[in-house]
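**Student:** coordinates for the following, if possible.
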Amino acid sequence: MISRWFASSSAWWIAFVAIEWALRIGALVWIPFRRSPEKANAWLALIFFEPIVGIALYLVLGRTRMPALRLQRLAEFEQLREPVRARLLADSNVFRPTQAPEIEPAVHLTERLGDFPVLGGNSLEILTDYDGTFERMIADIDAARSHVNLLFYIVGDDATSRRVFDALVRARRRGVECRLLADALGSRSTDFDVVQERLTKEGIEALATMRLSWIRSRGARFDLRNHRKIAIIDSRVAYTGSQNLVDARFIPGLTYEELMVRVTGPVVLELQAVFAQDWYQETGRRLGAEEFFPSPHITGTVPAQVLPSSPLFPRQNMQRLIVALLGMARERAVITTPYFIPDDVLRQALSTAVLRGVDVRLVVPAKDDQLLVSAAQKSYYLDLLKGGVKICRSGAGFLHAKHASIDGRLAWIGSSNMDIRSFALNAEVVLLAYDRDVCAQLAAVQERYFREGEWLDAATWGAQPLWRQVGWNVARLFSQLL
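**Tutor:** Got it, this is the predicted structure:
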């Protein structure tokens with residue numbers, strides 16, 4: 001009797017429906033535990049729409065647990081770095097300059113989050129010319145005498161990147177140690193394996209970081225990526241920002257617009273430490289010799305500080321800091337980001353700053369490079385506009401720069417977007433500069449965005465066709481998973 005019941009097609013259909021509803025009900029019980037409401041709602045929406053696929057994806061991506069080997073190497077690295085840290089903090093050229101009372105909380109919070117103190121005596125230069133940035137980097141590599149350490153999310157094999165590789169080869173032939181880390185997934189479609197083979201033959205260590213593997217204890221999930229962009233030459237000069245090691249037109253139909261910063265002085269050693277940890281994560285080898293962390297040299301007057309973030313940290317460092325900075329703002333806060341998928345906390349921070357009388361401006365690209373992400377972020381604009389946030393869509397190409405400024409006193413420049421991926425899933429890095437001259441350089445760039453961009457209006461944006469608004473809001477349902 002029972003076997004005949006299961007043999008009927010209707011019985012299988014009933015069983016299938018029962019399983020789907022069991023998965024939905026189980027998800028209601030389990031998903032909200034230890035998870036923000038936004039992320040829980042996104043997962044529940046997916047699971048209720050397609051239970052089997054949703055549960056399968058949740059089991060793979062639902063928790064940001066790092067592989068056991070990476071956690072072990074993190075603990076090892078923290079022990080190995082202590083002697084170097086103690087030596088440098090005892091150096092007379094390393095000091096923590098006193099900041100204005102309104103800035104000091106940001107300095108203290110950044111150190112608590114990332115474990116790097118503010119260091120004085122730096123010099124910073126903001127770079128917006130895509131090819132010109134590589135020219136400066138190549139000139140510094142050609143002057144290298146000890147080592148060159150590069151880390152980029154995307155490393156391509158094109159005419160632009162080959163000029164940098166040629167400089168690495170020249171440096172290696174002079175006896176300079178050269179290392180290159182590229183994210184395994186970010187560089188998967190840009191022929192990094194060809195680059196790796198060519199550079200390895202020249203004695204340059206070129207490795208893929210966060211390699212994908214079915215063996216979870218050693219490999220990395222495809223959604224947990226190393227999104228940092230760092231270049232260090234001889235521990236004396238460094239670059240960081242939004243620009244990858246690839247041609248500006250590596251995606252057909254788009255020309256990427258970026259912003260990088262060239263920095264000299266003691267804070268270079270903080271960027272070196274971020275690279276050294278990533279290198280240890282991939283190789284198990286320590287960059288602890290004094291040539292990598294020498295006594296720092298004073299090159300300017302800018303106080304600066306580095307903040308890294310990744311799932312290895314217990315908190316969402318970038319989200320915590322940008323929310324705190326908006327809370328500190330008194331006059332103007334400008335945020336430039338290509339990807340804007342805010343959580344409730346960030347949206348409230350933006351609107352609360354406006355209510356306090358702060359001129360809050362958000363600069364986003366006029367063009368799109370990722371359809372689903374772009375649709376989701378557009379769904380947030382109307383509420384922000386109604387709340388008084390000014391939104392400018394700018395860029396003749398695709399504006400990929402990631403930076404912020406607060407009251408003309410604090411500049412944030414780095415690799416982090418304003419979205420859940422950068423906040424919770426990616427390894428990111430930003431450099432904070434507490435200096436009015438640096439902020440003035442950044443303000444000049446921002447003013448260009450304002451002049452060349454389109455300012456959105458709440459009435460006009462709210463009058464978009466219904467089909468378009470529906471599409472944006474459907475994408476928004478899954479925004480916390482993008």
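**Student:** where in the stretch 151-300 of the chain is pLDDT low?
**Tutor:** By pLDDT under 70, the low-scoring segments of the stretch 151-300 of the chain are 213-222.
**Student:** helices along that one, start to end?
**Tutor:** Taking DSSP state H, counting those that start in this stretch as the criterion, the stretch 151-300 of the chain contains helices spanning 159-173, 192-201, 268-283.
**Student:** next SSE after the last one?
**Tutor:** In other words, helix 268-283. strand 302-309 (DSSP states H and E).
**Student:** burial of Val246, as a residue count?
**Tutor:** Residues lying near Val246 (other CB atoms under 10 Å) number 21. Using the backbone N, CA and C atoms, a C-beta is placed for each residue, glycine as well.
**Student:** turn the helices of the stretch 151-300 of the chain into CSV, including mean neighbour count and distance to Thr299.
**Tutor:** What follows is the helices of the stretch 151-300 of the chain, written out as CSV (neighbours: other CB atoms under 10 Å; distance: least, CB to CB, whole Å):
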stretch, mean neighbour count, distance to Thr299
helix 159-173, 17, 22
helix 192-201, 16, 30
helix 268-283, 22, 9
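**Student:** out of those, which is closest to Ile232?
**Tutor:** For these, proximity to Ile232 was assessed by CB to CB; helix 268-283 is nearest, at 5.0 Å.
**Student:** figure out which of the helices of the stretch 151-300 of the chain is closest to Lys386.
**Tutor:** Smallest distance to Lys386 across the helices of the stretch 151-300 of the chain (CB to CB): 39.3 Å, for helix 268-283.
**Student:** which other helices and strands does that closest one contact?
**Tutor:** Applying 3 or more CB pairs under 8 Å, 6 or more residues apart in numbering; DSSP states H and E, one finds that helix 268-283 contacts helix 68-89, strand 147-152, strand 177-183, strand 205-209, strand 230-233, strand 237-241, strand 302-309, strand 428-433.
**Student:** residues contacting the residue nearest the centre of the chain?
**Tutor:** Closest residue to the average C-alpha location of the chain: Ser416 at 2.8 Å, with CA atoms, centre = their mean. Going by CB atoms under 8 Å, 6 or more residues apart in numbering, Ser416 touches 227, 309, 318, 402, 422-423, 426, 428-430.
**Student:** with Leu181 instead?
**Tutor:** Listed by CB under 8 Å, 6+ apart, the contact partners of Leu181 are 150-152, 207-209, 226, 275, 278-279, 282.
**Student:** please tell me how far it sits from Ala171.
**Tutor:** Distance, Leu181 to Ala171, using CB to CB, to the nearest Å: 16 Å.
**Student:** what of Tyr256?
**Tutor:** Distance of Tyr256 to Ala171, computed by CB to CB: 26 Å.
**Student:** does the residue nearest to the centre of the chain count as helix, strand or coil?
**Tutor:** The three-state label given to Ser416 by DSSP: H, G, I helix; E, B strand; the rest coil is coil.
**Student:** what's the pLDDT at it?
**Tutor:** pLDDT for Ser416: 97.
**Student:** and it, its phi and psi?
**Tutor:** Dihedral pair for Ser416: phi -80, psi 130, per degrees, to the nearest 10.
**Student:** tell me the domain boundaries of the chain?
**Tutor:** 2-61, 68-99+121-300, 317-481 (automatic domain parsing).
**Student:** can you lay out the ones you listed as CSV showing distance to Arg112?
**Tutor:** Shown next, in CSV, are these (distance: least, CB to CB, whole Å):
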stretch, distance to Arg112
domain 2-61, 21
domain 68-99+121-300, 14
domain 317-481, 9
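**Student:** burial check on Leu69, number of neighbours?
**Tutor:** Burial of Leu69 is recorded as 15 neighbouring residues (other CB under 10 Å).
**Student:** what distance do you get for it to Asp278?
**Tutor:** Distance from Leu69 to Asp278, by CB to CB: 14 Å.
**Student:** which positions in whatever helix or strand Trp461 lives in come out as buried?
**Tutor:** Trp461 belongs to helix 458-462 when assigned by DSSP H and E. Judged by neighbour count using 16 or more other CB atoms under 10 Å, the buried positions of helix 458-462 are 458, 461.
**Student:** which strands and helices sit next to it?
**Tutor:** helix 381-386.
**Student:** sheet partners, orientation included, of the next helix or strand after the helix it packs on?
**Tutor:** Sequence order places strand 390-394 as the next helix or strand after helix 381-386, per DSSP H and E. Applying DSSP bridges, strand 390-394 is found paired with strand 359-365 (parallel), strand 454-455 (antiparallel).
**Student:** okay, the ones you listed in TSV with mean pLDDT, mean neighbour count and distance to Asp344 next?
**Tutor:** Below are those laid out as TSV (pLDDT from 0 to 100; neighbours: other CB atoms under 10 Å; distance: least, CB to CB, whole Å):
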stretch	mean pLDDT	mean neighbour count	distance to Asp344
strand 359-365	98	23	16
strand 454-455	96	11	25
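**Student:** make TSV from those and add distance to Ala375 to it.
**Tutor:** Listed next are the strands paired with strand 390-394 as TSV, based on distance: least, CB to CB, whole Å:
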stretch	distance to Ala375
strand 359-365	13
strand 454-455	18
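**Student:** of the ones you listed, which is nearest Asp131?
**Tutor:** Of the strands paired with strand 390-394, the one closest to Asp131 (CB to CB) turns out to be strand 359-365, at 20.0 Å.
**Student:** just how off-centre is the helix or strand just after the closest one within its chain?
**Tutor:** Beyond strand 359-365 on the C-terminal side, the first helix or strand identified by DSSP H and E is helix 371-378. With CA atoms, centre = their mean, to the nearest Å as the basis, helix 371-378 stands 18 Å off its chain's centre.
**Student:** with stretch 377-393 instead?
**Tutor:** If you compare the mean C-alpha spot of stretch 377-393 with that of the full chain, they lie 22 Å apart, counting by CA atoms, centre = their mean.
**Student:** need the contact partners of that stretch.
**Tutor:** With contacts defined as CB under 8 Å, 6+ apart, stretch 377-393 is touched by 339-342, 347, 350-351, 354-355, 359-366, 419, 449-450, 453-458, 461-462, 469, 472-473, 475-476, 479.
**Student:** list the buried residues of it.
**Tutor:** 377-382, 384-385, 387-393.
**Student:** what about the helices in the stretch 1-150 of the chain?
**Tutor:** With DSSP H, counting those that start in this stretch as the criterion, the stretch 1-150 of the chain has helices at 2-7, 9-30, 37-49, 51-61, 68-89, 104-114, 130-142.
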